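*Asks:* Quick check, what structure comes out for this input:
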Amino acid sequence: MWIDIHSHVLPNVDDGAKDIDMCLDMLNILFNQSVDVLVCTPHYYSCKGTVDSFLSKRNNEYKTINKFLNESCPKLLLGAEVRVEFGVSENDIEKLTIKNTNLILLEFLNSYFEDWMIGEIENIVYSDSLIPIFAHVERYLDLFSTNDWNKIFSFSGAIAQFSVESLKFRAVRSFARDLIKSNIPIILGSDAHNTTIRPPKFDVANKLFFNTKKYNDIFFNVKSTQQVLCLN
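*Replies:* Numbering: from 1, shown residues only. Below is the predicted model:
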């Protein structure tokens, strides 16, 4: 039913699941919230190490949990959440795309927008013909201007990822509708890190979209984006 494009379920890679048990608990929760495809996107910070060292750690943790997966778990795909830092494009970022796609999940610093960020994104996107998915865009509502957003979504095929829980808020839904009017595709992610403070929240989407028709415009944009991504 849902694709969770942004999660931190892999244990021992970043600040996500602390161990295998928590990872499996998170997967079970997501499956019960109607998530059938989940992209594992641990943080990649270029200031903390090379792409290859990150991939080695990520892939090893995936192999460890893979033997515990069963039919009550979503299908897992590997990716990364790449922070747009100065100089990040000098790394082998194309290796961090979502498996078998040209999709790359990018997150901004929790700060005001600066023009050098567009330069980094241009280098990442154009060097390998990648399509950027901009992570948890709702976080930057009070930081980025309309002109900033116009620059960010000037990249062909660019996708806006909303944290599913944020859609509870009217301002976030209004922002989503503004993007829809500008023909920007929208995709959802749990951005789940654990089972306590930042648990999976796709139950929010289920309540919003299946108990009322008020949000059909957002729902159909999300579902059409999922179909285009062909991650099933």
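*Asks:* any idea how far residue 156 lies from residue 102?
*Replies:* Separation of residue 156 from residue 102 (CB to CB, to the nearest Å) stands at 11 Å. C-beta: built from backbone N, CA, C; applies to glycine.
*Asks:* actually residue 139, sorry about that
*Replies:* Residue 139 is 25 Å from residue 102, where distance means CB to CB.
*Asks:* next one: residue 19
*Replies:* 33 Å.
*Asks:* Between the two, which has more neighbouring residues?
*Replies:* residue 102 (13 against 10; other CB atoms under 10 Å).
*Asks:* Enumerate every residue touching that one.
*Replies:* Taking CB atoms under 8 Å, 6 or more residues apart in numbering as the criterion, residue 102 is in contact with 128-131.
*Asks:* Try it again at 10 Å.
*Replies:* The contact partners of residue 102, by CB atoms under 10 Å, 6 or more residues apart in numbering, come to 94, 125, 128-131, 157.
*Asks:* Point out the ones among the residues you listed that are inside helices.
*Replies:* residue 125 (DSSP state H).
*Asks:* List buried residues within the contacts of residue 102.
*Replies:* By neighbour count, with 16 or more other CB atoms under 10 Å, those hold 125, 130-131 as buried.
*Asks:* from those residues, which is closest to residue 72?
*Replies:* Checking the buried ones among the contacts of residue 102 against residue 72 by CB to CB gives residue 131 as the nearest, at 31.4 Å.
*Asks:* and residue 154, how many residues sit next to it?
*Replies:* 11.
*Asks:* Tell me the pLDDT of it.
*Replies:* Residue 154 is assigned 96 on the pLDDT scale.
*Asks:* cool, residue 210 as well?
*Replies:* Listed pLDDT for residue 210 reads 85.
*Asks:* Could you do residue 231 as well?
*Replies:* Reported pLDDT for residue 231: 80.
*Asks:* coming back round to it: touching both of residue 156 and residue 102, which residues are there?
*Replies:* Shared contacts of residue 156 and residue 102, counting by CB under 10 Å, 6+ apart, come down to 125, 129, 131.
*Asks:* Between those, which has the least confident prediction?
*Replies:* When those are compared, residue 129 shows the smallest pLDDT, 93.
*Asks:* quick one: buried residues of stretch 225-232?
*Replies:* So stretch 225-232, judged by 16+ other CB under 10 Å, has buried residues 225-226, 229, 231.
*Asks:* same deal with stretch 86-101?
*Replies:* Buried residues in stretch 86-101 (16+ other CB under 10 Å): 88-89, 91, 93, 96-98.
*Asks:* what's the closest of those to residue 13?
*Replies:* Of the buried residues of stretch 86-101, the one sitting nearest to residue 13 (CB to CB) turns out to be residue 96, at 12.8 Å.
*Asks:* got the contact list for residue 12?
*Replies:* Contacts of residue 12 by CB under 10 Å, 6+ apart are 18-20, 23, 42, 57-58, 60-61, 64.
*Asks:* I appreciate the help and will end here.
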